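[1] show me the folded form of this:
(one chain, ligands or ions: 1)
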Amino acid sequence: MTVSLPQPRCSSAALEELSDEILTHGQKLLLEQDIARWREDLRQRLEQIQRHPEQGLGFIEEHIRQAALKLQCLLVQKAMQDKADAVDEVCPDCHGPLCAKKRRVPRSLDAYCGKVKLLRTHGWCARCEQWVFPADRMLGLREDSTASPLVQEMCALLVSKMPAEQAEALSLRITGRRLSRSTLAREAQRQGDSALQVRQQLVEAPVWVAPASPTNAALLPESSPQPFTLVIQIDAWNVRERDHWGHTRKMRRKDPKFDRWHWVYTATCFRLNHRLTKGRSKNKLRAIITERSYVATRGGIDALMQQLYYEARARGLAQAQRVLVIADGAVWIWNLVEDRFREAVQRLDLYHANAYLWAVAKELFGAGTRESRQWVKPLLKQICNDQVAQVITQLQQLKPRLTQAATKAADEAIEYYQNNQKRMKYKQARQLNEPVGSGAIESTCRQLQCRFKRCGQFWSTPGDEALLCLEMFWRNQRWELLFPHAKLTAIANN
Ligand SMILES: [Zn+2]
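    Numbers count the residues shown, from 1 in each chain. Got it, this is the predicted structure:
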């Protein structure tokens, strides 16, 4: 059955005229007859729905959304024009007078509801030696983009979560307006670049020092905080970049180890009392962290260190009674910890520790066999009970009887345990109800890989770093620093 879609004889043209009227008579209110015209458009749409019994609530919602978008466009344009008309025609930087003024220069913008037009004044500031549009600055419009702030935000959010081609299709269904793939990608990059600047300002800000006077105690974020443990977890994963594209052979000749895979350094931190266990039965408990901070950067270990230090301070590093770092055996991680979190308790992720024993078991008895499980079980128990030295001795005693492959696995395990022995205090962890694994960061890495490590995906360093930065602002609940208008939605939905 073909469904004939009603084509509202919509007064699109009439609404268009209205839009021009708003520009010409910016000072006037949106008149009652204009609203009436819009109401008439809506009435016609609803009448047509009534004539089509096969059209249910979905059609009603879609028609009303489309009609409402047109009205919203008019309202946005009207309010924007009023604000532009009221702006002081001075230089927004030095507040000096403008000369060679040109009034009512038109500009077209992409707002969330559709295209809107703006007329504003343009002038020359002799002191700053620049041409300026005071209204643009006041409205938060970028010189290099036609996107409105809400559209800028939508692009940033969508593209940091999914590839631009998916975001294009999704934007049409969710917002009722198509944002083109190129607009999405370009805007997300611009917003990501701005986010990088904001992040730099944050991490470079001086450490906030609490005032010493007791009268100021109430101003402190937590005047007498309960003692707490701060948990930090660190890991890395890799992303593929398009560097030296088309020159692979040449690059390989120069450097046989030439690779397009690069490390994304990732970390998380949270207070132990923000980690709760949830689940119906004792066997199905899983940990949930209610408040936590994230870091992810392609900028190298130094960048990770700077950002992680900032996040740890924001979570109360200075007040923490105990700081606990959990990670795998990567040498760079523990060097970083020695450097920045010298007082921290270090713990090797139990899963990684166990994996080395499983590797030996596999060589001895084959992967997944009953014998391998039987062999490994008592050793895993010893690891859990802090008897690492005994495990090392047993592996050493075993070696003369092993095949070459098993010897190699045993040697790797012995070396790993010797290097990390002091970080393998799992009994203490259980007593203190602390995590023994770095599952929180492992799962974060997996989530990020779902966006950044898709099949056939290649990045550029500025591209992936900008999007990672946006994603971290989102996860760290600092989105409103980039898009202050988002506060209104939060307030309205509280
Ligand atoms: Zn100026």
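[2] surely Asp349 touches Pro435?
    No - here Asp349 lies out of contact with Pro435, judged by Cβ atoms under 8 Å, at a distance of 9.2 Å. Bear in mind the C-beta positions are built from the backbone N, C-alpha and C, glycine included.
[3] shared neighbours, the two?
    Ile326 (Cβ atoms under 8 Å, 6 or more residues apart in numbering).
[4] who's more crowded, the two?
    Remark: of Asp349 and Pro435, Asp349 carries more neighbours, 23 against 20, as counted by other Cβ atoms under 10 Å.
[5] so how far is Gly329 from the more buried one?
    8 Å (Cβ to Cβ, to the nearest Å).
[6] what of Arg137?
    From Arg137 across to Gly329, the span is 52 Å (Cβ to Cβ).
[7] which residues of the protein fall in strands?
    99-111, 114-125, 130-132, 229-240, 261-271, 275-278, 286-289, 293-297, 322-327, 345-348 (DSSP state E).
[8] for the chain, what helix or strand is lowest in average pLDDT?
    Here the helix or strand of the chain ranked lowest by mean pLDDT, DSSP states H and E is helix 12-24, holding a mean of 58.
[9] need the residues that contact stretch 334-353.
    With contacts defined as Cβ under 8 Å, 6+ apart, stretch 334-353 is touched by 232, 234, 301, 304-305, 308-309, 312, 322-329, 383-384, 416-417, 420, 422-426, 429, 434, 436-439, 442.
[10] mind giving me the ChimeraX select for those residues, buried ones only?
    Buried members of those, identified by 16 or more other Cβ atoms under 10 Å, are gathered into one ChimeraX selection as follows:
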select :232,234,301,304,305,308,309,312,323,324,325,326,327,328,329,383,384,416,417,420,423,424,425,426,429,434,436,437,438,439,442
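[11] give me the residue from the stretch 351-494 of the chain nearest the ion.
    For the stretch 351-494 of the chain and the ion, the shortest gap (Cβ to the ion) falls at Pro484, measuring 24.1 Å.
[12] give me the number of residues near that residue?
    11.
[13] need phi/psi at it.
    The phi/psi pair for Pro484 (degrees, to the nearest 10) reads phi -60, psi -30.
[14] near the ion, which residues of the chain?
    Within the chain, the positions lying close to the ion (Cβ under 5 Å from the ion) are Cys91, Asp93, Cys94, Gly96, Cys125, Arg127, Cys128.
[15] JSON lines for those residues, including distance to Ala164 and pLDDT?
    Below are the residues of the chain next to the ion laid out as JSON lines (distance: Cβ to Cβ, whole Å; pLDDT from 0 to 100):
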{"residue": "Cys91", "distance to Ala164": "37", "pLDDT": "95"}
{"residue": "Asp93", "distance to Ala164": "34", "pLDDT": "95"}
{"residue": "Cys94", "distance to Ala164": "39", "pLDDT": "96"}
{"residue": "Gly96", "distance to Ala164": "42", "pLDDT": "95"}
{"residue": "Cys125", "distance to Ala164": "37", "pLDDT": "96"}
{"residue": "Arg127", "distance to Ala164": "42", "pLDDT": "96"}
{"residue": "Cys128", "distance to Ala164": "36", "pLDDT": "95"}
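[16] low pLDDT regions in the stretch 301-450 of the chain?
    Judged by pLDDT under 70, the stretch 301-450 of the chain has no weakly predicted residues.
[17] in this structure, which helix is the longest?
    Using DSSP state H, we find that the single longest helix of the chain is helix 57-86.
[18] what pLDDT, on average, does it get?
    The average pLDDT for helix 57-86 rounds to 90.
[19] give me the angle between that helix and strand 114-125.
    10 degrees (axes from the mean of the first three to the mean of the last three Cα atoms, to 10 degrees).
[20] give the buried residues for helix 57-86.
    By neighbour count with 16+ other Cβ under 10 Å, helix 57-86 contains the buried residues 59, 63, 66-67, 69-78, 80-81, 84.
[21] kindly report the same for stretch 274-286.
    By 16+ other Cβ under 10 Å, the buried positions in stretch 274-286 come out as Arg275.
[22] how far does it stretch from start to finish?
    End-to-end distance of stretch 274-286 (Cα to Cα, to the nearest Å): 13 Å.
[23] give me the contact list for that stretch.
    Applying Cβ under 8 Å, 6+ apart, the external contacts of stretch 274-286 come out as Val231, Ala287, Ile288, Ile289, Thr290, Glu291, Arg292, Pro435.
[24] find the closest residue to the ion in the stretch 151-300 of the chain.
    Gln197 (21.7 Å).
[25] spit out the contact partners of that residue.
    Here Gln197 is in contact with no residue (Cβ under 8 Å, 6+ apart).
[26] how close does it sit to Ala296?
    Counting by Cβ to Cβ, the gap from Gln197 to Ala296 is 17 Å.
[27] how deep is the residue nearest to Ser180 when sequence neighbours are not counted tucked in, by neighbour count?
    Counting by Cβ to Cβ, 6 or more residues apart in numbering, Ser180 lies nearest to Glu168, which is 6.4 Å off, once chain neighbours are set aside. For Glu168, the count of nearby residues is 20 (other Cβ under 10 Å).
[28] what do you get for Cys91?
    20.
[29] any idea of the pLDDT on Val231?
    96.
[30] now it, which residues is it bridged with?
    Residues in a beta bridge with Val231, per DSSP bridges, are Phe270, Leu324.
[31] okay but it is in contact with Ala267, surely?
    No - under the criterion of Cβ under 8 Å, Val231 makes no contact with Ala267, lying 10.9 Å away.
[32] which residue would be the closest one in the stretch 251-400 of the chain to the ion?
    The ion sits closest to Tyr310 of the stretch 251-400 of the chain, with a gap of 33.8 Å, by Cβ to the ion.
[33] from Ala367, how far out is that residue?
    In terms of Cβ to Cβ, Tyr310 sits 43 Å off from Ala367.
[34] and for Arg423?
    From Arg423 to Ala367 the distance is 27 Å (Cβ to Cβ).
[35] then His52?
    Counting by Cβ to Cβ, the gap from His52 to Ala367 is 62 Å.
[36] higher neighbour count, these two?
    His52 (13 against 10).
[37] shouldn't that one be in contact with Phe59?
    Yes - counting by Cβ under 8 Å, Phe59 is a contact partner of His52 at 7.4 Å.
[38] which pair in the contacts of stretch 274-286 spans the largest distance?
    Glu291 and Pro435 (15.4 Å; Cβ to Cβ).
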